[in-house]
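Student: Sequence and computational prediction follow.
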Amino acid sequence: MNHKGILIVVSGFSGAGKGTLMKRLVEKYDGYALSISATTRAPRPGEEDGREYFFLSREQFEQKIADSALIEYAEYCGNYYGTPKDYVENHLAAGHDVILEIEIQGALKIRKQYPTALLVFVSAPNAKELRRRLSGRGTETAEVIDRRLHRAAQEAEGIEEYDYIVVNDDLEKCVKELHEIIDAAHHAPGRNEEFIEKMRRELIED
Ligand code: ADP
Ligand code: 5GP
């Protein structure tokens, strides 16, 4: 069946655990390529340039836009975030499943450019737990947390654009669910046209 790379977009409310989930997914299963975005936000303690993000100035970011080096970009809570084109194109061509962890505006742009992309939304089990995780992370001020929670309420409106929602309650269970969703997507008829065509030809020839 289909071993071509799938483009997977993972979005979700800030603090839902997307970063934690992605890290665990690539640790646990082979074959995933996790795209590293460019951003103008400042690194959090422990974050490294080229590992979590490529940290750029606004001027550097705007140069990337001018050079068409990003497949999508968006502004989120006062900063630019964008997906470098080369990494995604090269890994998809090599047959890897490429994961983008991006917010909803970017997700919708990807869907237009790559109609077969798989869109998955990650949520915390409830709003109280989301707030707890966001403040427990200890990396943002109370004001930034409020802005992010406000943004979360807006993002909830676009949720029907996604193919699946996964609830990140038990981390290991959620990682397994996400992997299974991606695995199942490889079996979709639309991603196996060559196989179906080959079967048709064989049936007619017999
Ligand atoms: P996001 O990338 O969605 O903003 P993070 O991955 O940074 O979120 O997670 C936010 C906080 O929640 C972190 O402190 C993380 O350790 C914690 N967290 C993530 N997943 C879970 C989970 N399943 N149960 C409890 N805490 C979690
Ligand atoms: P954070 O500052 O918490 O790392 O990320 C803030 C938001 O930006 C998250 O919703 C994250 O998914 C999103 N994001 C990260 N990288 C990109 C990107 O390349 N493009 C877009 N559109 N959003 C991104």
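Tutor: Arrived safely, thanks for sending. Residues are numbered from 1 along each chain as shown. Ligands and ions are numbered 1, 2, ... in the order given.

Student: all helices of this structure, in order?
Tutor: Using DSSP state H, the helices of the chain run over residues 18-28, 58-66, 85-93, 104-113, 127-137, 142-155, 171-185, 193-205.

Student: For Leu119, which of these is the nearest?
Tutor: helix 104-113 (5.7 Å; Cβ to Cβ). For the C-beta atoms, the positions are set from N, CA and C on the backbone; glycine is no exception.

Student: thinking again about what came up before, just say which of the helices of the chain is most tucked in.
Tutor: Greatest average neighbour count among the helices of the chain goes to helix 104-113 (a mean of 18), per mean count of other Cβ atoms under 10 Å.

Student: Contacts only, for Ala185.
Tutor: Counting by Cβ atoms under 8 Å, 6 or more residues apart in numbering, Ala185 makes contact with 6, 8, 118, 191.

Student: right, and the pair among those with maximum separation?
Tutor: The distance between the two most remote of these (Cβ to Cβ) is 12.4 Å, for Ile8 and Arg191.

Student: which one of these two has more residues nearby?
Tutor: Neighbour count, other Cβ atoms under 10 Å: between Ile8 and Arg191, Ile8 has more, with 25 against 16.

Student: Show me which residues of this protein sit near ligand 2.
Tutor: 11, 14, 37, 41, 72-74, 76, 81-83, 101-103, 105-106 (Cβ under 6 Å from any ligand atom).
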